[in-house]
Every structure is written in structure tokens, then in C-alpha cells.
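A.B. asks: give me coordinates for this.
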Amino acid sequence: MRQHITVVDHQPLWEKKYQEESRLIQDILTDNCIAVYHIGSTSVKGLAAKPIIDMMVAVRSLEQVDRVAKSFLNIGYEYLGEFGMPGRRYLRKGGVERTHQIHIFQMDDWYNIGRHLAFRHYMRTHEKERTEYAKLKIELAQKFPDDIDGYCDGKESFVREIEKRALSQFDGTWEKMYIAARKVQNERKLSSLVEAGSVSAALLTKKGNIYVGVCIDTACSLGMCAERNAIANMITNGENTICRMIAVDRSGQAVPPCGACREFMAQLMPKDYQAITLMLDHEKETIVTLGELTPKWWISISDGVKI
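C.D. replies: You can find the predicted model right below:
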């Protein structure tokens, strides 16, 4: 296939373009959208790339995606269905000289979701391989300036090897927690005085189980944060040791636990609460410990209190 191949240095503008397109995608998919990810080379700082914004979307239902195909056409995308990959919906913008690509998978298709995220994480965290990949792509673009098939074939073995390494090292637990939290985040009004689901949370226990919860907001102080509801779910199921926690707001952004939730976790695990890890930024994979957020706890210096 004839397609002009251009590989350029990483551009900060790519992140802005992704954010703009992500909002359009979420507006179309509404509650069916679980997560939108910036993937591919343009998502990796310092990596030379073709200036094409690749995005992956996890959804509740592919059938619901098919029902809104016309809405994607209205914003310039070709809706190409599975396009050779069962269980995927593929869309592209810009024709042959495409500018954007969307790969949509159902949220339980962890094989495809996981391999894309593993590759991205590996490229972001391994400078040597990132440099090698950039060099290879530049050489291939010069060798096959108008041949996309030759360009892709030339880098296939490198990509497969990196993907193999990436999958062997990629934990993936944070993404499974994020998807689990988003899955239950069905924001709704329960009565004239009670609402639920503007924030959801997922926690990982020492035994490797994931428990979820949503916030409940009331007209007075009787409500409960999503984090504490997830903890209550964990305790109801016979566990009491938290290893990781993520809370997600209605826009899909990770948010830190409030003071009351930090206090609850500290009282539940007074000797070990500082080791609990929290995700503060899902897209940038920013993780901190509860000890970093709460370095000093009042009860540890209270007279007569044994922990």
C-alpha cells in the first residue's frame, strides 16, 4: 500500500491532540466508555514516531459501539469494524495519510488491552530500547518512504520481541483495578436526597483480590466515600489488609483519598498503613504511598495508645 512515511521527533502537541480527541470519543460513547488510553509511539516521551495519534478504548459493550458508528463518521472517522482482528472495532481519520486511529475493545478483553499497555509502559521505562526503536523507525522510513507494508514488516520482529519482554514484566494490576472501579461507576440519583457513583474506588488486598465501592452522597453527613465503601466490601468478605487503592472521579481521572479515608486506612492498619500504595494520576502512572501523603499520624504520638 502506498502511504508516505514520515518519522519525526516526539512533539508535546501530541498529548494535547490526544486529550482533545479523547473528549470527543467519551462524548459519543457516554456511559459505555470505561477508559480511553493514549497508546503507540506518540504516547511515549522521547520516542520518534509517525505523527499519528493512536488511542485504545475499553468499553462495556461493542454492540453499543456499533450503534453509534454514525456519530464517529460525523467527526471524520472511517468505521471499519473488526478490520481483521476479531473482538475489535477499528476507526481511522485522515484517509490513507491518517492522523488518528482508534482501537476499541470490550473491557474484559485483557489480552489485547494488556499487551498495548505493557508495550507502552516498557517503552516509557526502558531508555535503551526506546532509543533503538526510534533509530530503527527512522531507518525504515528512509528505506520505505512510500511503502507502509515494508515499513511495518521491517519493524515487526523488534516489536514482537519487545512485546514479549513487556508482557513478562508488566504487572497490569493497576489497570485491572482502574477498569473494575470504572465498571461500577454508574452515577445516579437514588432519591431526592441521595446520589451515588460520582466517584468509584478499587482496592487490592494481600490475598490478591480486588474489591470495589462507589461514593454515596446525602443531604447531610451520612454519606460515605467510595474508598471506605470498597474497604467495607473487603471486610464483609473476610479480609482486612490493603495493598493498593485507586479512586476515580466522573471524568475518569484518578483522585487522592480524602483525610477521612486516609484516617480510616491508618486505623485499620496502624502498623502498616504507610506501605499502602495509591495511584494519583492514571494517565501518567503516578503512584505514591499513604505514608508519603500522611507522614505523621496523630495516634502514633498519643499517650497510652498501643498499636
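A.B. asks: now do the longest strand belonging to the chain, average pLDDT.
C.D. replies: Longest strand in the chain by number of residues (criterion: DSSP state E): strand 194-205. The pLDDT scores in strand 194-205 average 97.
A.B. asks: distance between the helix or strand just after it and the chain's centre?
C.D. replies: Downstream of strand 194-205, the next assigned helix or strand under DSSP states H and E is strand 210-218. Counting by CA atoms, centre = their mean, to the nearest Å, strand 210-218 is centred 19 Å from the centre of its parent chain.
A.B. asks: for K284, helix, strand, or coil?
C.D. replies: Of the three states, K284 takes coil under DSSP: H, G, I helix; E, B strand; the rest coil.
A.B. asks: quick one, phi psi at it?
C.D. replies: For K284, the backbone dihedrals (degrees, to the nearest 10) come out as phi -90, psi 0.
A.B. asks: A226 reaches I246, doesn't it?
C.D. replies: No: counting by CB atoms under 8 Å, A226 does not reach I246; the two are 9.9 Å apart. All C-beta atoms are positioned from the backbone trio N, CA, C, and that covers glycine.
A.B. asks: neighbours around S61, how many?
C.D. replies: 12 (other CB atoms under 10 Å).
A.B. asks: list the residues that contact the closest residue to T218 other than its chain neighbours.
C.D. replies: Among residues not flanking T218 along the chain, V194 sits closest, at 5.2 Å (CB to CB, 6 or more residues apart in numbering). Taking CB atoms under 8 Å, 6 or more residues apart in numbering as the criterion, V194 is in contact with I216, D217, T218, A219, G223.
A.B. asks: how near is V194 to D31?
C.D. replies: 20 Å (CB to CB, to the nearest Å).
A.B. asks: list the buried ones in the helix ranked longest in the chain?
C.D. replies: Of all the elements of type helix in the chain, the one with the most residues (DSSP state H) is helix 148-169. Within helix 148-169, the residues scored as buried using 16 or more other CB atoms under 10 Å are I148, Y151, G154, I162, E163, A166, L167.
A.B. asks: pLDDT averaged over it - what is it?
C.D. replies: 95.
A.B. asks: what angle do strand 194-205 and the helix or strand following it make with each other?
C.D. replies: Per DSSP H and E, the first helix or strand lying C-terminal to helix 148-169 is helix 173-183. Angle of helix 173-183 versus strand 194-205, following axes from the mean of the first three to the mean of the last three CA atoms, to 10 degrees, is 160 degrees.
A.B. asks: show me how far helix 173-183 is from its chain's centre.
C.D. replies: The answer for helix 173-183 is 8 Å, by CA atoms, centre = their mean.
A.B. asks: again, but for stretch 93-101
C.D. replies: 24 Å.
A.B. asks: show me what counts as buried in it.
C.D. replies: K93, R98, H100, Q101.
A.B. asks: hey, C-alpha coordinates of the longest strand of the chain in PDB?
C.D. replies: The C-alpha coordinates for strand 194-205 follow below in PDB (Å, rounded to 0.1, in the frame of the first residue of the first chain):
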ATOM      1  CA  VAL A 194     -29.300  10.700  47.900                       C
ATOM      2  CA  GLU A 195     -26.900  10.300  44.900                       C
ATOM      3  CA  ALA A 196     -24.300   7.700  44.200                       C
ATOM      4  CA  GLY A 197     -21.400   6.900  41.800                       C
ATOM      5  CA  SER A 198     -19.700  10.200  41.100                       C
ATOM      6  CA  VAL A 199     -16.600   8.600  42.400                       C
ATOM      7  CA  SER A 200     -15.700   4.900  42.500                       C
ATOM      8  CA  ALA A 201     -12.800   3.000  44.000                       C
ATOM      9  CA  ALA A 202     -11.000  -0.300  43.800                       C
ATOM     10  CA  LEU A 203      -8.500  -1.800  46.300                       C
ATOM     11  CA  LEU A 204      -6.200  -4.700  46.100                       C
ATOM     12  CA  THR A 205      -5.800  -7.000  49.100                       C
END
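A.B. asks: report the distance from it to the chain centre.
C.D. replies: 16 Å.
A.B. asks: just checking: what are the partner strands of it?
C.D. replies: Strand 194-205 has the following strand partners under DSSP bridges: strand 188-189 (antiparallel), strand 210-218 (antiparallel), strand 242-249 (antiparallel).
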